[in-house]
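> Can you look at this prediction? I've put the sequence above it.
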Amino acid sequence: MSATAVKTIWGIDPTHSEIQFKVRHMMISTVTGNFNQFEGTLEAQDDTFEDATINFSADINSISTNNDHRDTHLKSDDFFNAAQFPKMIFRGTNFNKVADNQYHLTGDLTIRDITKSVTLTAEHQGTMVDPYGNIKAGFEINGQVNRKEFGLMWSAVTEAGGIVVSDEVKLHLNVQVVKQ
């Protein structure tokens with residue numbers, strides 16, 4: 001009878017992590033936004049991180065695009081409806097190594113009251129001991145989702161018939177986790 005291996009818990013370090021999204025505006029430029037308040041854990045059997053269990057949430061009210069009017073609109077029912085759905089949640093269902101330091105991260109993303117499976121790419125940037133003796137690992141995670149699949153339906157067109165906000169949203173996360 002073999003003993004069940006104990007997983008190591010790694011907690012996200014919010015002071016050394018960034019959660020960003022990018023969306024095309026009027027199809028001529030890109031607007032970048034951030035979630036400034038978030039939390040998450042990664043549980044893994046070992047430092048290869050294969051088959052890690054990942055849980056993450058972001059506070060919708062912490063959204064920032066460097067424009068108060070736009071941020072208020074994003075928090076409204078036209079988009080995230082922060083009053084009714086204050087968190088965006090990701091629960092990883094699969095974290096598979098596909099090459100050296102390269103992973104596919106599949107999980108259930110919940111925005112508003114809609115949950116969809118998404119697959120993201122993740123690159124393990126390395127593991128180090130910081131000056132205080134904490135063991136930290138870094139990941140760069142990228143992907144893309146269609147905002148309308150998650151109920152973010154607001155749309156407008158310019159006078160010339162151009163789209164104001166793209167349906168496709170690029171996700172870019174730089175995440176540092178610390179071994180608990």
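Yep, it's here.
> Would you map the helices across the protein?
Ranges of helices within the chain are 68-75, based on DSSP state H.
> all strands of it, in order?
Ranges of strands in the chain, per DSSP state E, are 8-12, 18-25, 29-35, 38-44, 53-59, 63-64, 87-99, 102-111, 114-129, 135-146, 165-179.
> Ok, which of those comes nearest residue 153?
strand 165-179 (9.7 Å; CB to CB). To be clear about C-beta, it is placed using only N, CA and C from the backbone, and glycine gets the same treatment.
> which regions of the chain lie under the pLDDT threshold?
1-4, 156-164 (pLDDT under 70).
> on that earlier part again, would you convert the strands of the chain into JSON lines that also reports distance to residue 155 and mean neighbour count?
Formatted as JSON lines, the strands of the chain follow (distance: least, CB to CB, whole Å; neighbours: other CB atoms under 10 Å):
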{"stretch": "strand 8-12", "distance to residue 155": "33", "mean neighbour count": "18"}
{"stretch": "strand 18-25", "distance to residue 155": "12", "mean neighbour count": "17"}
{"stretch": "strand 29-35", "distance to residue 155": "15", "mean neighbour count": "14"}
{"stretch": "strand 38-44", "distance to residue 155": "27", "mean neighbour count": "19"}
{"stretch": "strand 53-59", "distance to residue 155": "23", "mean neighbour count": "19"}
{"stretch": "strand 63-64", "distance to residue 155": "19", "mean neighbour count": "18"}
{"stretch": "strand 87-99", "distance to residue 155": "20", "mean neighbour count": "16"}
{"stretch": "strand 102-111", "distance to residue 155": "16", "mean neighbour count": "18"}
{"stretch": "strand 114-129", "distance to residue 155": "17", "mean neighbour count": "14"}
{"stretch": "strand 135-146", "distance to residue 155": "13", "mean neighbour count": "17"}
{"stretch": "strand 165-179", "distance to residue 155": "7", "mean neighbour count": "18"}
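> For those strands, could you give me TSV that also reports distance to residue 74?
Output for those, formatted as TSV (distance: least, CB to CB, whole Å):
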stretch	distance to residue 74
strand 8-12	22
strand 18-25	10
strand 29-35	7
strand 38-44	16
strand 53-59	12
strand 63-64	5
strand 87-99	12
strand 102-111	12
strand 114-129	16
strand 135-146	15
strand 165-179	10
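> Lovely, talk soon.
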